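Participant: sharing a model that was predicted from the sequence below.
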Amino acid sequence: MRVLTGIQPSGALHIGNYFGAIKQMVDLQEKSDLFIFIPNYHALTSLKNAPALKQNTLDAAINFMALGIDPSKSTLWVQSDVKEVLELYWILSGYTPMGLLERAHSYKDKVAKGIAANHSLFSYPVLMAADILLYDADVIPVGKDQIQHVEIARDIAIKFNNDFGEIFTVPTFKVEEEVATVPGIDGAKMSKSYGNTIDIFCGEKELKKTIARVVTDSTPLEEPKDYTTCNVFALAKLFLKNDEVEALKERYTKGGEGYGHFKAYLNELIWNYFASAREKRAYFLDHPNEVIEILEAGAQKARTIASEKMKIVRDLVGIYR
Ligand code: ADP
Ligand code: TRP
């Protein structure tokens, strides 16, 4: 089964991104044929800053590998390294009714947020359909906001297949229902846009400062504390095994420890959990050529599949070679 996903190169990663998305991918590569790419053409619709986009693209590759995406187990590449995707995007545009795109929530939401309503933003789902159909992906793991985009890809595939036979695999989406929303330091959903994140690769001092800002109540040190409403507990739990969670609950209900103690514990948990990821990341940052070689090898694998598919598609629609 081929599972395909694109993860935006959107700067610093936080622990919500890790537990909500990246960890699932790392687990998935053990049991499926995982195709994972960095959609830098898509990122271009929201980031109009060339050096930043280039930097973010390489950083994303480094961060994913540091966190466990293994290019020997999965196919990892940068979207723009396989140009066939743009050709398919154009061909699929001819099988995409305007109404399908006009109904896209994501477009309307982005315009409402003040992003310029240009054509690439509008046709974003067609490029995403090309990403998916080019590689005959079966399953697309997505967050809720991306479900409609996969449905658009399905509609386009069905329309194309109606005309030409079973050319494209009709993809299905998979929403990770059991993945809980990771709270930010203020208890709301952790998100870049809320400024409440704990970044995975921040320095030791910065981590300490961030943890110090986790919002708690003012129960005095000696009194028992309610772990069910505590942001520090909710975050610590992500890093703990069942028996360790139980032990922490006991420390809360016993009293005699203040939030400072629990924050120090949380700090240590996060710092230790990502220790090997930090090391790998430092290595890749020091060896950018190795990263580029890995991405090129991934693109090569992806391109082989893409070029076979495009031979068939070109022929069917009448592009002469
Ligand atoms: P942000 O909200 O910080 O902009 P993104 O929208 O770029 O994050 O999310 C990238 C991925 O990380 C998505 O798959 C999303 O579902 C996941 N993710 C982001 N924040 C959280 C969170 N707080 N809890 C769980 N998953 C999250
Ligand atoms: N649009 C997706 C997002 O913003 C990223 C993406 C681009 C993608 N192409 C894709 C995801 C293909 C899955 C499959 O998160």
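Facilitator: Received the coordinates, thanks. Ligands and ions are numbered 1, 2, ... in the order given.

Participant: the strands in the stretch 51-200 of the chain, which residues?
Facilitator: Taking DSSP state E, counting those that start in this stretch to define them, one finds strands in the stretch 51-200 of the chain at 75-78, 139-142, 172-175.

Participant: return the most buried member of those.
Facilitator: Of all these, strand 75-78 carries the top mean neighbour count, a mean of 23, counting by mean count of other C-beta atoms under 10 Å. Where C-beta positions appear, they are placed from N, C-alpha and C, glycine not excepted.

Participant: could you export that one as PDB, CA atoms only?
Facilitator: Presented in PDB, the C-alpha positions along strand 75-78 are these (Å, rounded to 0.1, in the frame of the first residue of the first chain):
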ATOM      1  CA  THR A  75      11.000   7.900  -0.500                       C
ATOM      2  CA  LEU A  76      11.800  11.500   0.600                       C
ATOM      3  CA  TRP A  77      12.100  14.200  -2.000                       C
ATOM      4  CA  VAL A  78      11.500  17.900  -2.700                       C
END
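
Participant: that strand near ligand 2 at all?
Facilitator: No: Strand 75-78 stays clear of ligand 2 (C-beta under 6 Å from any ligand atom), getting no nearer than 12.0 Å.

Participant: just the pLDDT for the residue of the stretch 201-321 of the chain found nearest ligand 2.
Facilitator: Closest contact between the stretch 201-321 of the chain and ligand 2, by C-beta to the nearest ligand atom, is at Ala302 (12.4 Å). Per-residue pLDDT puts Ala302 at 98.

Participant: please report how far the closest residue to Tyr273 other than its chain neighbours lies from Val232.
Facilitator: Distances taken as C-beta to C-beta, 6 or more residues apart in numbering place Phe239 nearest to Tyr273, at 5.2 Å, with adjacent residues excluded. Counting by C-beta to C-beta, to the nearest Å, the gap from Phe239 to Val232 is 12 Å.

Participant: between the two, which is the more surrounded one?
Facilitator: More crowded of Phe239 and Val232, by other C-beta atoms under 10 Å: Val232, with 25 against 18.

Participant: enumerate every residue touching the nearest residue to Tyr89 once chain neighbours are set aside.
Facilitator: The shortest distance from Tyr89 to any non-neighbouring residue, by C-beta to C-beta, 6+ apart, is to Ala130 (4.2 Å). Ala130 sits next to 85-86, 88-89, 92 when contact means C-beta atoms under 8 Å, 6 or more residues apart in numbering.

Participant: could you count how many residues lie near the residue of the stretch 201-321 of the chain closest to ligand 2?
Facilitator: 24.

Participant: which SSE is it in?
Facilitator: Taking DSSP states H and E as the definition, Ala302 sits inside helix 288-317.

Participant: how about stretch 45-52: buried residues?
Facilitator: 45-47 (16 or more other C-beta atoms under 10 Å).

Participant: returning to that earlier point: so which of the strands of the stretch 51-200 of the chain is nearest ligand 1?
Facilitator: Nearest of the strands of the stretch 51-200 of the chain (C-beta to the nearest ligand atom): strand 139-142, 7.3 Å.

Participant: which other helices and strands contact the closest one?
Facilitator: strand 2-6, helix 23-31, helix 147-164, strand 172-175 (3 or more C-beta pairs under 8 Å, 6 or more residues apart in numbering; DSSP states H and E).

Participant: so the longest one versus helix 288-317, what angle?
Facilitator: When you say that, I think you mean helix 147-164. 40 degrees (axes from the mean of the first three to the mean of the last three C-alpha atoms, to 10 degrees).

Participant: contacting residues around helix 147-164?
Facilitator: Helix 147-164 has contacts (C-beta under 8 Å, 6+ apart) with 92, 95-96, 100-101, 103-106, 124-126, 128-129, 132-133, 140, 142, 167-173, 175, 316.

Participant: and ligand 2, which of these reach it?
Facilitator: Near ligand 2, by the rule C-beta under 6 Å from any ligand atom, you find 128, 132, 140 out of the contacts of helix 147-164.
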